[in-house]
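Chemist: Would you be able to build a 3D model of this:
(chains A and B)
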Amino acid sequence: MSTTESTPGDRGPAAGTEQGPAAEDWARVQSSPEFVQLRQRLRSFVFPMTGLFLAWYLLYVLVADYAHGFMSIKLVGNINIGLVFGLLQFVSTFVITALYVRYANRRLDPVAERIRQEIEGGAR
Amino acid sequence: MNVSVVAQAAQSVEGSNPALNIGIFAAFVVVTLVIVFRASRNTKTATDYYAAGRAFTGPQNGIAIAGDYLSAASFLGIAGAIAVNGYDGFLYSIGFLVAWLVALLLVAELLRNTGRFTMADVLSFRMRQRPVRTAAALSTLTVSFFYLLAQMAGAGGLVALLLGITDRGYQALVIAVVGVLMIVYVLVGGMKGTTWVQIIKAVLLVIGAAAMTLWVLGRYGFNLSGLLGDAVAKGGAAGEALLNPGKQYGATGTSRLDFLSLGLALVLGTAGLPHVLMRFYTVPTAKDARRSVVWAIWLIGIFYLFTLVLGYGAGALVGPQRISTAPGGVNSAAPLLAQALGGPVLLGLIAAVAFATILAVVAGLTITASASFAHDIYVNVIKKGQVDDKQQEVRVARITAVVIGLVSIVGGIVANGQNVAFLVALAFAVAASANLPTILYSLFWKRFNTTGALWSIYGGLAVTIVLIVFSPAVSGAKNAMFPSVDFHWFPLPNPGIVSIPVSFLLGYLGTVLSKEPVNQAKYAEMEVRSLTGAGAEKAVSH
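Modeler: Sure thing, here's the model as predicted:
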């Protein structure tokens, strides 16, 4: 294993596999406008979306748990609201997955890629 | 005819042909062993052994994640729960699926970028290494061990059901065979061999479930409403309740609260399961980690839609009364449905898939536990990161895998026939309480520090275990582990609703109450690495 860091007990897990940039480089990148933008883009998508799907899921669980009458209302034939509500959880999961992938491909990956090349290029 | 043979035959699923079941399963074992031995040729370094050289593609890893995640409990358990308890069984599938969004949005990519082999790599990145690693490894071993024990004990019940073996000695023998096979997969194939076993199993499971689903729907002219109507008719007086929520959990205020608690643990536990997290290290980049979660979400989601049809199909074509009284109880719904549809051959195929399921899941758990012990405790805590011989770490991991395998065989034999369902609930509750808060804080909260991490891991672990030990799952209820004694004071079998908020709170309090300064440099490095993938571990090319 590596000796790139001074204290053996404080070694980052990925250290030792390659010569990483120095500590001040990480701090410099962290405060760069590009990185601040990347962080802002990531957080402004994943935090609200997490809140949204957790709230939607909890709403479902609470209704299924405490509003049996409502869930038992039949819509078409033997298909009731409970079944449709449950299937909508599947639909929302698939939709959020697709939305995130599209967002990450367009808005996150290009910025992350630029910063990474800058760091890894600069370290060599 | 010998009386005991008649008694034994009557115990297995009607129409089951044990020789056929064993034959199909043996074919699976032979094929996977050949693949595992071929895969083992390139397994030399720690990266090969723990992370399959990071050379799997996103889709391959996604299929393997589905194979790791869809345990026998999801397949037999959920189909059976829907057949007998109706709608309430469906609630499990939804929690298990929605949980993947937590992994996709918050955990998978950042974890892949930051760590090397284990969950502890990420948790200890900017903390004091030894205490945090020890805590994370302990939590990993706890979750993996309880999960493993539940699967091994479940294997005994499955044997009784599918092969008609009621003798406890023979059941123990089968549990031992499952354990030894698992040790061979992990020992020889490492992560690469284990991954291939999971991929093959996932493909078989999804194809088997798809075929049965189409078959059932075909019988009703692809009219879901007609299928539900038949399930209601076959259910007799209680039939109508099958379509509505509340049959299982709606009885009392306590049982409703318990359901809410279970729902929380399911949705927050998945992204804290160490064997799921470790799978993200087997791909070359964070983008592949994202791709694998997307594949896993689609496969797992579609599979759970199949189980909905299979559950109501079993209710309609076999009937809840026959399922409840069959050996294996609710777990026999899917096998009985297979038998009703395609006779002994389809039953044999489904039985073999169920065995393959157990084997693949226990192999994944064993490699996770052995990696955590060897990489976190042996190398980084006992040896303080100073391992001269790179082969040494892998050697320790292999020895650990054998020990864990042997312990789980013994544990599985002892727990055989016990009600161990709460072990899985416990594993999810510990993952959601001890692991997830710590992962989220360390990825997203700058001020989080070593004290906070230790408080949330140990606090979450302790609260969860104490609440479970003093819950009706262990004592004081008819279906408890020790039904004859009563020392319970916590009313819910699932502790999540208390233990998850408590762990988040402990992580927060530990952080703000300690005077420990934030390691600014390490935080900068971790944040830049996790978001950009700079300096992340690359794939190994052979």
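
Chemist: can you list the residues of the stretch 1-150 of chain B near chain A?
Modeler: B:87, B:90-91, B:94-95, B:97-98, B:100-102, B:104-106, B:114-116, B:121-122, B:124-126, B:128-130 (CB under 8 Å from any CB of the partner chain). To be clear about C-beta, it is placed using only N, CA and C from the backbone, and glycine gets the same treatment.

Chemist: Pull out the buried residues from the residues you listed.
Modeler: The neighbour count (16 or more other CB atoms under 10 Å in any protein chain shown) marks B:87, B:90-91, B:94-95, B:97-98, B:100-102, B:104-106, B:114-116, B:121-122, B:124-126, B:128-130 as buried among these.

Chemist: SS state for residue B:165?
Modeler: The three-state assignment at residue B:165 reads coil, by DSSP: H, G, I helix; E, B strand; the rest coil.

Chemist: Which pLDDT value does the model give it?
Modeler: With respect to pLDDT, residue B:165 has a value of 75.

Chemist: How much space separates it from chain A?
Modeler: Separation of residue B:165 from chain A (CB to the nearest CB, to the nearest Å): 37 Å.

Chemist: wait, what's in contact with residue B:311?
Modeler: B:78-83, B:89-90, B:333 (CB atoms under 8 Å, 6 or more residues apart in numbering or on different chains).

Chemist: Save those residues as TSV, and put in pLDDT and distance to residue B:450 too.
Modeler: Shown next, in TSV, are these (pLDDT from 0 to 100; distance: CB to CB, whole Å):
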residue	pLDDT	distance to residue B:450
B:78	87	40
B:79	89	45
B:80	88	45
B:81	87	42
B:82	90	46
B:83	90	49
B:89	84	43
B:90	87	42
B:333	88	48
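
Chemist: Can you flag which of the residues you listed belong to helices?
Modeler: With helices taken from DSSP state H, the overlap with these comprises B:78-83, B:89-90, B:333.

Chemist: Can you tell me which of the residues you listed is nearest chain A?
Modeler: Distance to chain A, by CB to the nearest CB, is smallest for residue B:90 among the ones in helices among the contacts of residue B:311, at 5.5 Å.

Chemist: In chain A, what residue lies closest to chain B?
Modeler: For chain A, CB to the nearest CB, closest residue to chain B: residue A:77, 3.1 Å.

Chemist: Next one: residue B:452 from residue B:535, what distance?
Modeler: Going from residue B:452 to residue B:535 by CB to CB, to the nearest Å gives 25 Å.

Chemist: got it, and residue B:46?
Modeler: Residue B:46 is 18 Å from residue B:535, by CB to CB.

Chemist: Also residue B:18?
Modeler: Residue B:18 is 55 Å from residue B:535, by CB to CB.

Chemist: Looking at the two, which has the bigger crowd around it?
Modeler: residue B:535 (24 against 19; other CB atoms under 10 Å in any protein chain shown).

Chemist: most remote residue from chain A's center?
Modeler: Going by CA atoms, centre = their mean, the residue of chain A most distant from its centre is residue A:77, 39.6 Å out.

Chemist: okay, residue B:248: pLDDT?
Modeler: In this model, residue B:248 carries a pLDDT of 77.

Chemist: Helix, strand or coil: sort out it for me.
Modeler: Quick answer, by three-state DSSP: residue B:248 is coil.

Chemist: contacting residues for it?
Modeler: B:81, B:85, B:88-89, B:255.

Chemist: Please repeat the previous calculation with a cut-off of 10 Å.
Modeler: B:81, B:84-89, B:91, B:241, B:255, B:259 (CB atoms under 10 Å, 6 or more residues apart in numbering or on different chains).

Chemist: And it, its phi and psi?
Modeler: Dihedral pair for residue B:248: phi -100, psi -40, per degrees, to the nearest 10.

Chemist: Pick out whichever of the ones in helices among the contacts of residue B:311 sits closest to residue B:136.
Modeler: Set against residue B:136, the nearest of those by CB to CB is residue B:78 (30.4 Å).

Chemist: can you pull the contacts of that closest one?
Modeler: B:70, B:89-93, B:96, B:303-304, B:307-308, B:310-311, B:330, B:333-334.

Chemist: so what's it closest to, chain neighbours aside?
Modeler: Nearest residue to residue B:78, sequence neighbours excluded (CB to CB, 6 or more residues apart in numbering or on different chains): residue B:307, at 4.9 Å.

Chemist: per-residue pLDDT, residue B:158?
Modeler: Residue B:158 is assigned 75 on the pLDDT scale.

Chemist: for residue B:516, same thing?
Modeler: Residue B:516 is assigned a predicted lDDT (pLDDT) of 87.

Chemist: Return the distance of it relative to chain A.
Modeler: 14 Å.

Chemist: biggest separation within the contacts of residue B:311, which pair?
Modeler: Greatest spacing in the contacts of residue B:311, by CB to CB: B:90 and B:333 (13.7 Å).

Chemist: contacting residues for the residue most central in space within chain A?
Modeler: The centre of chain A sits closest to residue A:46, judged by CA atoms, centre = their mean, with a distance of 5.1 Å. By CB under 10 Å, 6+ apart, the contact list for residue A:46 reads A:100, A:103-104, A:108, B:101-102, B:104-106, B:110, B:444.

Chemist: Just those residues: which are in helices?
Modeler: A:100, A:103, B:101-102, B:110, B:444.

Chemist: Tell me which two of these sit farthest apart.
Modeler: Largest pairwise distance in these, by CB to CB, is 18.0 Å, between A:103 and B:444.
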